[in-house]
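Q: Got a predicted model here, sequence first, then my questions.
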Amino acid sequence: MNSNKIVALLKNNDILLLTAIYVFGVFIRIVPKLEMDSHLPVFLGDVWYRICMSQYILDYHALPIPDIRYLPYGDVPLWYPPLSPMFYAAISAISNLDLPTVMTRVIPFIEAFTPIPLYFLAKEWFSRNVARLSVLMLAITPSFILYSAIADPQVFTLMVIPIVLIYLSRQKYGYSRNNAIWMGILLGINFMVHLSYFIIIGLMALYVIARKFDKQPVHNELKFLGVAVLISLIISSWWWAPNFLFYWWIWIITTSTLLQTFGSHLTSYGAPFMIMGFIGFGYLLVDRLSYFNIHSNYNPWHIISLATIFSILCGIFMGKTITIPVIAILALIYSLIALLRLKTTFALATAVSAACAIIISGVATWFTTKAGNIGAWTKTFTFIQSAFASDLEAIGLLFITIFIFFILAAAFSKSLHTSPYLTPVIIVFSFGILVASVYIYTKTSATMGALELIRTYLTGQNILAIAALISIPTLFIYQYKGKVGKYILKHRYETFLIFWTIFLLYEVFSENILSIVREYGLMWETTVRPLEGYRFYIFLAQPFSILAAILIMEIRKHKTTYAYGFMIFIACLGYFSLSGAVMPDYDMDFKITNSGVFIEDYNAAVWFKANSTQNDLIVADYYTGQMFSGVCAGRALIGGLFPLRNIDFNEYIKAPAQVQDDIYDFYKTEDMDLTLSLANRYGITHVYISDNMASRGWLGSYKDSSFGVPINWTKFFSSAKFNVIYEDHSNPYNNVYILAIVK
């Protein structure tokens, strides 16, 4: 077969592409694990909790009710969906493999399917090429690989999302009762597998809302949504109804990512992939905002309203000195003013520029005043903290520089319209003037030189800001010429794709957003910040991959348009790579195999299970305790790091991490009375100690959140109150001990 026939075969037969993606998925998820013992699954994603429940099902042929993961709190109902631990237990029983081996050697073959369903959604909604690019982008996104390689049942939801959206979108051709029933059954199974079921319900509702925004009939979609959700709730009612678990999910259970920074989000997701997703999102958002109705192209008030809204957002971020969104929003407002000038007069564009500068200055000043440093906003532009002669002078400088920046947009708008390929150059030049004006004015108090400032600006996560500067105005200008709108404007799924992305962006950045508005208490409210943000990377990757694919397809149409912009963009990525600046650490070999414990720890847990009773309870650090609980189907003091709200099970648990603080005191204190009283409080009968725990263990305690548990070795090994019943010195770097508390 000659090369042309091979190319033609690959081009016309996407089964080969999907097969290759599946093989790649299996390879990257299982090969690194083959180098590790099969009994050491990755601790990220708390796989041991699922093993714990599954092992209980295997050992006692019953669900772990009350929830054995919440021993410190008392009788907590099993709020975790039961079907996934039952599924893992079934695989273990059928294959005769222990559960850790199932997780590390069998489940990767299932997880490798995760990206494939998105291909069929993208193909049905857009085109074969968009589908190919989407599934490829999704399959190689680092965060998607990681979070679909930790034996987390949320991968089932990821496979269900495209299927449900396909059938929901087909209702525009006519309501199908059979499809609604089948999707209801699928959703019911999904509900009992993982609580990310609620993401699908949210997306289905957003799809209906998007159709309504587009002035399309929604009767069939509403009926489909109602029937499918009702069936799913009926199917799963045997589990959630007896204890009305909705109450627990909304008012009792809570988690937190401990407020990850924007930069950590970027690098954890995979910088180039998140950047492409953001730009693709900006591409569609620009189109949707500019063409929100058929008259908006001739309606300057539409643009003025958008500029006002984004000015308020820009002021909020600037007041918090968060650089990346500030630059992106400034580029967006710059573009809006340039378009306004093309549609109206220079005088109106000037007035809007002044109004936007006033709004941004006022909002930023309000936030920085509350923070106690009215000049803090300068760090957004120059990465330095500057002192001013007066507060009024600082506010005045902020207003003047931003006003000049926007006036340049109005001044250059005609040139941009005539020669759009110059847009990236002109926008970077304009922003350079803004940065230079602030830098020159504050030079006497600057802590770095001009070259150092430039070098600092070109490092870290600010590549996203640079990409925004390059791409957003170019998109606007070419859209005004009709080159972008012709492709996207009439596409029926544009609005939903925007809603889909905004929904998941909020889920990822919800804690950051709540921090910006200083509502820290809401970070523990499930209704406002439902889950840990980083767990939504894997869901955000789905719309981001489609958005990136659409963007790439458009780049192919407008090669000249984007040539200059993407030359700069690629140069910036190259600079990052060559300079060794902050880039995502893909190192999947480590991420997928970092179990947090050693084989000696696991062997100790196996011994403890064989030489203890169901009423025995061992204490250890957070991850080692999870592992013991997984091997022994309980018998370990865990759950303290999962704070429960609005309960009065035990009067001594008043705040998050109370249990963890008590464990910290248990290991560190010299006070034997306190040690024994804590043991009595929680029913601790055994103590685990290892070199690994002492050096790398983590408690999540408020008293000490660092890695490494401070152990009072003298207390445990010199007192008659503790008896060493197990020890292993096979690894000189990880001596392990199990001690029994003498009654």
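A: Looks like it arrived, so ask away. What you see is a predicted model; the values in this text were computed from it and never measured.

Q: Give me the neighbour count for Ala122.
A: By the criterion of other Cβ atoms under 10 Å, Ala122 has 25 neighbours. From N, CA and C alone the C-beta is placed, and that goes for glycine too.

Q: Where does Val724 fall, secondary structure wise?
A: Take DSSP states H and E as the rule and Val724 turns out to sit in strand 722-728.

Q: Leu138 is in contact with Pro543, isn't it?
A: No - with contact defined as Cβ atoms under 8 Å, Leu138 does not reach Pro543; the gap is 10.1 Å.

Q: Report the contact partners of Val736.
A: Residues near Val736 by Cβ atoms under 8 Å, 6 or more residues apart in numbering: Glu600, Asp601, Ala604, Tyr688, Ile689, Ser690, Asp691, Asn692, Tyr726, Glu727, Asp728.

Q: can I get those residues in CSV with neighbour count, distance to Met183 and pLDDT?
A: Converted to CSV, the contacts of Val736 look like this (neighbours: other Cβ atoms under 10 Å; distance: Cβ to Cβ, whole Å; pLDDT from 0 to 100):
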residue, neighbour count, distance to Met183, pLDDT
Glu600, 18, 48, 95
Asp601, 26, 44, 95
Ala604, 26, 47, 97
Tyr688, 24, 47, 97
Ile689, 26, 52, 96
Ser690, 27, 49, 95
Asp691, 18, 53, 94
Asn692, 23, 47, 93
Tyr726, 16, 52, 97
Glu727, 13, 56, 95
Asp728, 17, 52, 95
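
Q: Next step: those residues restricted to strands.
A: Taking DSSP state E, the ones among the contacts of Val736 that sit in strands are Tyr688, Ile689, Ser690, Tyr726, Glu727, Asp728.

Q: Any figure for the gap between the first one and Cys632?
A: In this structure, Tyr688 lies at 12 Å from Cys632, with Cβ to Cβ, to the nearest Å as the measure.

Q: quick revisit: from the middle of its chain, how far away would the strand holding Val724 be?
A: 42 Å (Cα atoms, centre = their mean, to the nearest Å).

Q: repeat for stretch 207-222
A: Centre to centre, stretch against its chain (Cα atoms, centre = their mean), the figure for stretch 207-222 is 28 Å.

Q: where along the stretch 501-650 of the chain do the strands fall?
A: 618-619 (DSSP state E, counting those that start in this stretch).

Q: pLDDT below threshold where in it?
A: 517-521, 524, 530-533, 555-588, 643, 648-650 (pLDDT under 70).

Q: if you set the cut-off to 90 instead, what comes out?
A: 505-537, 548-596, 614, 622-623, 638-650 (pLDDT under 90).

Q: The stretch 151-300 of the chain too?
A: In the stretch 151-300 of the chain (pLDDT under 90), the answer is 211-216, 248-300.

Q: Okay, helices next: where are they in it?
A: 154-169, 177-193, 197-213, 219-235, 237-240, 245-247, 262-269, 271-290, 300-319 (DSSP state H, counting those that start in this stretch).

Q: Paired strands for the strand holding Val724, with orientation please.
A: The pairing partners recorded for strand 722-728 under DSSP bridges are strand 736-741 (antiparallel).

Q: what about the strand it pairs with, average pLDDT?
A: For strand 736-741, mean pLDDT is 96.

Q: so how far is it from its chain's centroid?
A: For strand 736-741, the distance to the chain centre is 39 Å (Cα atoms, centre = their mean).

Q: how's this structure carved up into domains?
A: Structural domains annotated on the chain: 298-473, 599-741, as defined by automatic domain parsing.

Q: want to try TSV for the ones you listed, with distance to Met86 as columns?
A: Formatted as TSV, these follow (distance: least, Cβ to Cβ, whole Å):
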stretch	distance to Met86
domain 298-473	42
domain 599-741	14
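
Q: Among these, which comes closest to Asp46?
A: domain 599-741 (6.5 Å; Cβ to Cβ).

Q: what's the span of the closest one, first residue to last?
A: 25 Å (Cα to Cα, to the nearest Å).

Q: Distance from the chain centre to that domain, please.
A: The chain centre lies 31 Å from the centre of domain 599-741; the measure is Cα atoms, centre = their mean.

Q: One more: stretch 597-607?
A: 32 Å.

Q: Show residues contacting it.
A: Counting by Cβ under 8 Å, 6+ apart, 37, 39-40, 43, 100, 623-624, 627-628, 630-632, 688, 690, 692-693, 726, 728, 730-731, 734, 736, 738 sit against stretch 597-607.

Q: Give the buried subset of those as a ChimeraX selection command.
A: To isolate the buried members of the contacts of stretch 597-607 in ChimeraX, using 16 or more other Cβ atoms under 10 Å:
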select :37,39,40,43,100,623,624,627,628,630,631,632,688,690,692,693,726,728,734,736,738
